[in-house]
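Colleague: Below is the structure, and that's it, no one-letter string:
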């Protein structure tokens, strides 16, 4: 292994939660980093010298894995990155996204390195979110039953005489007996959460001025035990013939559990979004490995050539400076590659920025360029540049998801493989189209592809969350829309059939 390759392995080995293992031609472990110890349970001493299939490969996969590795050695057919169910030392299943790199593949001693991102927690989160969604649905059903069963707390404010009626249920909701709270406006005001007080006074004031006078708002009230409960406050103002408010009445519904579950689900979805981004790290590492191959080779060639010329006393100052400049330029390219990777995956606060769509598309294609090149996919662009104010990182992730799906579909296409990216403005919206010629999506499932957990891939290759998360990001975070349809089109005189994803976002 060259020094440059050793440095690369050392670099990716230091990324937290990324297991890196190395194997010789006989599939014996020659490298086992700390993350591998944590994920699979074997210490470095236990793993070194052991066969891959005896350590972490489940019995039902062993023959297939061995066959793929031998085929790589014999025919040069690389093992594609995929989500795999591997095995912990204690026998439990460890879900990982595994990428593979072969070093010294044209020598007698090739070395295969596996880069595994742990997805086990993501699998647990998927199950948890399903259960939370069911719980939330049950809570909403219970809420509907409570309304129909008059289980809400009634309040009735006589504005003209400044008196208020608070029902027995209204007080019980807050843990009080009927005689423990006075029926007056000040009772309600004293129980409002300090952070909600101004907001409540504002919507009540608005209801007193507006002719329709109806409202539906959420705020917190203090329970007798000192805790805070969330209530849905629905009310209506009634006016006399002169347009003066004379009465306001409504109901309080305890929605504490609904708010709590909603927050839990949003937090789980946030974590799942991060896990989804992390899961693509394996593929990105493979991209970096591919992008580094040629520059490392160039540096090695320049260094070797310069050394030989020096030994033969043929090296002039001009030649030395030229070689050093080339090496410096190449290392700067390698550094930029790492910066691209770091900027995309580094955790940071969501920040709305103004950016040009042409630069965003260029940045996205740069991140996926290796997979596009090695799979012989042609990219065409018809870009009308425009500016939008949004979450740039989230939009890059959406485009990467769609392009990655298109790439996977195109692997089944013989001959010319195409991804076309268009951008334009229409009706004060910025529009991005991504089109492929992968024969389109089955009509039976085209309307389901944005559903959570829906996938056409094998369970070890996809979670069914990529497009679901893309729609969530576009609609909820970017305030836009995303659609898909099958289309027929002509390219270079050839009739094509494929899928078209259309993203529409508000312009500045």
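Modeller: Yep, it's here. The structure displayed is predicted, hence computed values, not measured ones.

Colleague: Now do the contacts for the closest residue to residue 170 other than its chain neighbours.
Modeller: Closest residue in space to residue 170, ignoring its immediate chain neighbours: residue 153 at 2.9 Å, by Cβ to Cβ, 6 or more residues apart in numbering. Yep, even glycine has a C-beta here, placed from its N, CA and C like the rest. Listed by Cβ atoms under 8 Å, 6 or more residues apart in numbering, the contact set of residue 153 reads 166, 167, 169, 170, 171, 172, 173, 231, 251, 252, 253, 254.

Colleague: just checking, which of the residues you listed belong to strands?
Modeller: Taking DSSP state E, the ones among those that sit in strands are 166, 231, 251, 252, 253, 254.

Colleague: Tell me how far the closest residue to the second one other than its chain neighbours lies from residue 258.
Modeller: Going back to what we said before, that points to residue 231. Nearest residue to residue 231 in three dimensions, chain neighbours excluded: residue 252, at 4.4 Å (Cβ to Cβ, 6+ apart). Here residue 252 is placed at a distance of 14 Å from residue 258 (Cβ to Cβ, to the nearest Å).

Colleague: One more: residue 374?
Modeller: According to Cβ to Cβ, residue 374 stands 49 Å off from residue 258.

Colleague: Tell me the bridge partners for the residue nearest to residue 170.
Modeller: Judged by DSSP bridges, the bridge partners of residue 153 are residue 252.

Colleague: quick one on the thing from earlier: residue 47: which of the contacts of residue 153 is nearest?
Modeller: Nearest to residue 47, judged by Cβ to Cβ, of these is residue 254 at 55.2 Å.

Colleague: now stretch 201-209, how far from the centre of its chain.
Modeller: Put simply, stretch 201-209 sits 41 Å off its chain's centre (Cα atoms, centre = their mean, to the nearest Å).

Colleague: Now do it, average pLDDT.
Modeller: Confidence for stretch 201-209, expressed as mean pLDDT, is 90.

Colleague: what's in contact with it?
Modeller: Stretch 201-209 is contacted from outside by 159, 213, 214, 215, 217, 235, 236, 237, 245, 248, using Cβ under 8 Å, 6+ apart.

Colleague: Now it: buried residues?
Modeller: Across stretch 201-209, burial judged by 16 or more other Cβ atoms under 10 Å covers 204, 207.

Colleague: i'd like the first residue to be 442 from this point on
Modeller: Taking 442 as the first residue, the last one we looked at is stretch 642-650.

Colleague: So between residue 815 and residue 699, which is more surrounded?
Modeller: The residue with more neighbours, out of residue 815 and residue 699, is residue 699; 18 against 12, by other Cβ atoms under 10 Å.

Colleague: In three-state terms, label that one for me.
Modeller: Three-state call for residue 699 (DSSP: H, G, I helix; E, B strand; the rest coil): helix.

Colleague: picking that back up, ok, the residue nearest to residue 672 touching residue 597?
Modeller: No: using Cβ atoms under 8 Å, residue 693 is not in contact with residue 597; the gap is 11.8 Å.

Colleague: Which of the two has more residues huddled nearby?
Modeller: More neighbours surround residue 693 than the other of residue 693 and residue 597, with 24 against 16 (other Cβ under 10 Å).

Colleague: What does the pLDDT read for the more buried one?
Modeller: 91.

Colleague: so what's it up against?
Modeller: Residue 693 touches 593, 594, 596, 611, 614, 662, 672, 673, 674, counting by Cβ under 8 Å, 6+ apart.

Colleague: Including pLDDT and distance to residue 841, could those residues go into TSV?
Modeller: Shown next, in TSV, are the contacts of residue 693 (pLDDT from 0 to 100; distance: Cβ to Cβ, whole Å):
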residue	pLDDT	distance to residue 841
593	85	47
594	88	49
596	91	51
611	92	51
614	91	48
662	95	45
672	93	42
673	92	39
674	92	43
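
Colleague: tell me the mean pLDDT over the helix or strand that contains residue 908?
Modeller: Assignment of secondary structure by DSSP states H and E places residue 908 within helix 907-913. Averaging pLDDT along helix 907-913 gives 80.

Colleague: packing partners for it?
Modeller: Secondary-structure packing of helix 907-913 (3 or more Cβ pairs under 8 Å, 6 or more residues apart in numbering; DSSP states H and E): helix 697-720, helix 833-851.

Colleague: Hey, what's the angle from the helix or strand that comes right after the shortest one to helix 833-851? Just curious.
Modeller: Proceeding C-terminally, helix 833-851 gives way to strand 858-867 as the next helix or strand, assigned by DSSP H and E. Using axes from the mean of the first three to the mean of the last three Cα atoms, to 10 degrees, the direction of strand 858-867 lies 140 degrees away from that of helix 833-851.

Colleague: and whichever helix or strand comes after strand 858-867, which strands flank it?
Modeller: Remark: after strand 858-867, the chain's next helix or strand is strand 870-877, criterion DSSP H and E. Paired neighbours of strand 870-877 in the sheet (DSSP bridges): strand 858-867 (antiparallel), strand 935-947 (antiparallel).
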